[in-house]
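A.B. asks: Predicted coordinates and the sequence they were generated for:
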Amino acid sequence: MRELITLRINGERYEVAVLPHRTLLEVLREDLGLTGTKHGCELGECGACTVLLDGVPVLSCLTLPLEVQDCEITTIEGLEEQGRLHPLQETFAELGAAQCGYCTPGMLLSAVALLRQNPHPTREEIKQALSGNLCRCTGYTKIYEAVEAAAERLSAARQGERQPNAALQP
Amino acid sequence: MLRLPPFRYLAPRTLSEATRLLAEEGPQAMPVAGGTDLLPNMKRRQFTPAVLVGLRRLRELKGIGGSPDVGVRIGAGETLTSVSNHPLIRAHYPALALAAAAVSTPQLRNAGTIGGNILLDTRCNYYNQTEFWRHSIGYCMKRDGSICLVAPGSPRCWAISSADTAPVLVALQARVRLVSVRGEREIPIQELFYDDGMRPYTREADEILQEIWLPPALGWRSTYLKLRRRGSFDFPILGVAVALRREPDGRIGDARITLGAVASHPVEAEEAMARLRGQQPTPTLLQEVATLAAKRARPLDNADLTITYRKQLTPVYVRRALDLLVEAEQGSGAE
């Protein structure tokens, strides 16, 4: 029997009637049209369907919507702010970190969670954080470089915020 | 597409409500915690429960607390990420922190629980396949078939215990508490396991694994080494858990060596442990002990990599684990 539930996704509330055995991945893509979350192996072996639950990366193909009604869900569609890409999205594009692009949404969300927790990760820490996301174009090096570049950009932006007059100085 | 089979989902708020639901619904119901093992298995139709009882909301399954001198309690519903990051576990039960951190990937550790890892379904190349694949080879006895496809003449199933935390908890001499409407029981974790790939656990269908108790850690050192093809994602094809307690004069006071992924249950290397006790850990002795421990590993051709390689690597990994602990102690000087 369908159950009427409310999901909080990217800051918006969605009312959906779900069957208990539908996964979050299926509901996002097929019921809500949020197709940025990619459908890969469906068995927890690839990371393409990664979303954030309260900021923590999990796999939507192994998540039941009934169990995450209390969580804030972030998908790739929720990364931009007022039409501006997240710095990670910018550096991924600039450095060619996406080849076929299928793993990219999952990679980005894992990287967002990493940089929130650890703004200055080492290369090893980046590898660890992305170790649940497979890229079969084997573009890992560019991906690591893009995460490093975004970390620098975010850190520079934070410093700018801390010294609001910096921009006014000659 | 791999869809989940239909089921009813129940979300109890307390442990007693959860045990009551499991008892009422009977064997058609299964508990689900993180779902990272059960849901893929359901998609492949290894399990088709009519009812899932969600354990997420149960406070009784949460929390990590205690101290190295009295022991530590871990709620079975704690995620592998929180176990591997917990300062108490990292400092005093490092083998458990290492094993929890070695499970699969960050995403699965963020959802998967320690209780779920302990009760992981046993694995086999002929079993962990889609329904379509298993149908095409006529199924195996663990699900829908009648023979073991690894050892067709064998009366039993040889699926492998593949949980990283299980051999570690055996080596640490942990106890577990199981709760049902019939009462509760606290048992040494060894008593949770059967040497049977089809029925690997003594847990009854109506029981919930509530918590894990680690004994005091003072004087013990421990480590865990894992063999697998890739540095991430993969299940262990060999896990080596070692815990050692040294006497003030440097002799080994007590030693526990447990092997994972070499049988349907975690395997204790009794002969090797006995050989270590009361001895000075010389390189010759450690090599002898590693060889003795490896005799307990009899891999079959039902996991990744070749049997020969897995067999050859067993003494190497045991020796490495022993060396790590002995050297760490000697390196730390007067402690």
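C.D. replies: Yep, it's here.
A.B. asks: Quickly list the domain ranges of chain A.
C.D. replies: A:3-78, A:87-162 (automatic domain parsing).
A.B. asks: so how far is chain B from residue A:88?
C.D. replies: 16 Å (CB to the nearest CB, to the nearest Å). For glycine as for every other residue, the C-beta is placed from the backbone atoms N, C-alpha and C.
A.B. asks: Let me know how buried that residue is, in neighbour terms.
C.D. replies: Residues lying near residue A:88 (other CB atoms under 10 Å in any protein chain shown) number 24.
A.B. asks: So it sits against residue A:150, correct?
C.D. replies: Yes - with contacts counted by CB atoms under 8 Å, residue A:88 reaches residue A:150, the gap being 4.3 Å.
A.B. asks: and residue B:111, what does it touch?
C.D. replies: By CB atoms under 8 Å, 6 or more residues apart in numbering or on different chains, residue B:111 lies in contact with A:58-59, A:62-63, B:34-36, B:79.
A.B. asks: and for residue A:88 and residue A:150, which residues touch both?
C.D. replies: In contact with both residue A:88 and residue A:150: A:111, A:115, using CB under 8 Å, 6+ apart.
A.B. asks: Assumed residue B:91 was part of a strand.
C.D. replies: No - per DSSP: H, G, I helix; E, B strand; the rest coil, residue B:91 lies outside any strand segment and is helix.
A.B. asks: rewinding a little: comparing the domains of chain A, which comes out most buried?
C.D. replies: Of all the domains of chain A, domain A:3-78 has the most neighbours on average by mean count of other CB atoms under 10 Å in any protein chain shown, namely a mean of 20.
A.B. asks: Quick check: mean pLDDT of that one?
C.D. replies: The pLDDT scores in domain A:3-78 average 97.
A.B. asks: got it, and stretch A:143-153?
C.D. replies: 98.
A.B. asks: Outside of that stretch itself, list whatever touches it.
C.D. replies: So stretch A:143-153 is in contact with A:86-88, A:90-92, A:94-95, A:97, A:107, A:111, A:114-115, A:119-121, A:123, A:126-127, A:130, A:135, going by CB under 8 Å, 6+ apart.
A.B. asks: before we move on, back to that, nearest to residue A:157, of the contacts of residue B:111?
C.D. replies: residue A:58 (27.6 Å; CB to CB).
A.B. asks: Now do the contacts for that closest one.
C.D. replies: Taking CB under 8 Å, 6+ apart as the definition, contacts of residue A:58 comprise A:50-52, B:107, B:110-111.
A.B. asks: Widest-spaced pair of the residues you listed?
C.D. replies: A:52 and B:111 (12.1 Å).
A.B. asks: and the residue of the stretch 51-200 of chain B nearest chain A?
C.D. replies: residue B:105 (2.8 Å; CB to the nearest CB).
A.B. asks: For the stretch 51-200 of chain B, what lies in contact range of chain A?
C.D. replies: B:52, B:54, B:56, B:104-108, B:110-111 (CB under 8 Å from any CB of the partner chain).
A.B. asks: quick one: least confident of those?
C.D. replies: residue B:56 (95).
A.B. asks: The spatially closest residue to it that is not a sequence neighbour: what's it in contact with?
C.D. replies: The shortest distance from residue B:56 to any non-neighbouring residue, by CB to CB, 6 or more residues apart in numbering or on different chains, is to residue A:67 (5.7 Å). By CB under 8 Å, 6+ apart, the contact set of residue A:67 is B:11, B:35, B:54, B:56.
A.B. asks: Neighbour-wise, give me the winner out of those.
C.D. replies: Using other CB under 10 Å as the neighbour criterion, residue B:35 leads those with 28 neighbours.
A.B. asks: Return the distance of that one relative to residue B:55.
C.D. replies: 10 Å (CB to CB, to the nearest Å).
A.B. asks: which element is residue 146 on?
C.D. replies: Reading this off chain A. helix A:140-162 (DSSP states H and E).
A.B. asks: wait, chain B
C.D. replies: Per DSSP H and E, there is no helix or strand for residue B:146.
A.B. asks: pLDDT at the closest residue to it other than its chain neighbours, what is it?
C.D. replies: Nearest non-adjacent residue to residue B:146, counting by CB to CB, 6+ apart: residue B:139, 8.0 Å away. The model reports residue B:139 with a pLDDT of 97.
A.B. asks: now residue B:335
C.D. replies: Confidence score, pLDDT, at residue B:335: 38.
A.B. asks: try residue A:138
C.D. replies: 81.
A.B. asks: tell me which element it is part of?
C.D. replies: Using DSSP H and E, no helix or strand contains residue A:138.
A.B. asks: same check, this time on residue B:210
C.D. replies: Residue-wise, residue B:210 maps onto strand B:208-214 under DSSP H and E.
A.B. asks: Spatially nearest residue to the one residue in chain A that gets nearest to chain B (excluding sequence neighbours)?
C.D. replies: Per CB to the nearest CB, residue A:132 is where chain A lies closest to chain B, at 2.8 Å. Among residues not flanking residue A:132 along the chain, residue B:105 sits closest, at 2.8 Å (CB to CB, 6+ apart).
A.B. asks: residues from the stretch 201-335 of chain B in reach of chain A?
C.D. replies: B:231-233.
A.B. asks: Of all the residues in the longest helix belonging to chain B, which ones are buried?
C.D. replies: Ordering each helix of chain B by length in residues (DSSP state H) puts helix B:307-331 first. If you call a residue buried by 16 or more other CB atoms under 10 Å in any protein chain shown, then helix B:307-331 has these buried ones: B:310, B:313-315, B:317-319, B:321-326.
A.B. asks: Distance to residue B:246 added to those, as TSV?
C.D. replies: TSV is the format used below for those (distance: CB to CB, whole Å):
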residue	distance to residue B:246
B:310	30
B:313	27
B:314	24
B:315	22
B:317	21
B:318	18
B:319	18
B:321	15
B:322	12
B:323	14
B:324	14
B:325	9
B:326	8
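A.B. asks: Throw those residues into JSON lines and include pLDDT, thanks.
C.D. replies: Conversion of the buried residues of helix B:307-331 to JSON lines gives the following (pLDDT from 0 to 100):
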{"residue": "B:310", "pLDDT": "94"}
{"residue": "B:313", "pLDDT": "96"}
{"residue": "B:314", "pLDDT": "97"}
{"residue": "B:315", "pLDDT": "98"}
{"residue": "B:317", "pLDDT": "98"}
{"residue": "B:318", "pLDDT": "98"}
{"residue": "B:319", "pLDDT": "98"}
{"residue": "B:321", "pLDDT": "98"}
{"residue": "B:322", "pLDDT": "98"}
{"residue": "B:323", "pLDDT": "97"}
{"residue": "B:324", "pLDDT": "97"}
{"residue": "B:325", "pLDDT": "96"}
{"residue": "B:326", "pLDDT": "95"}
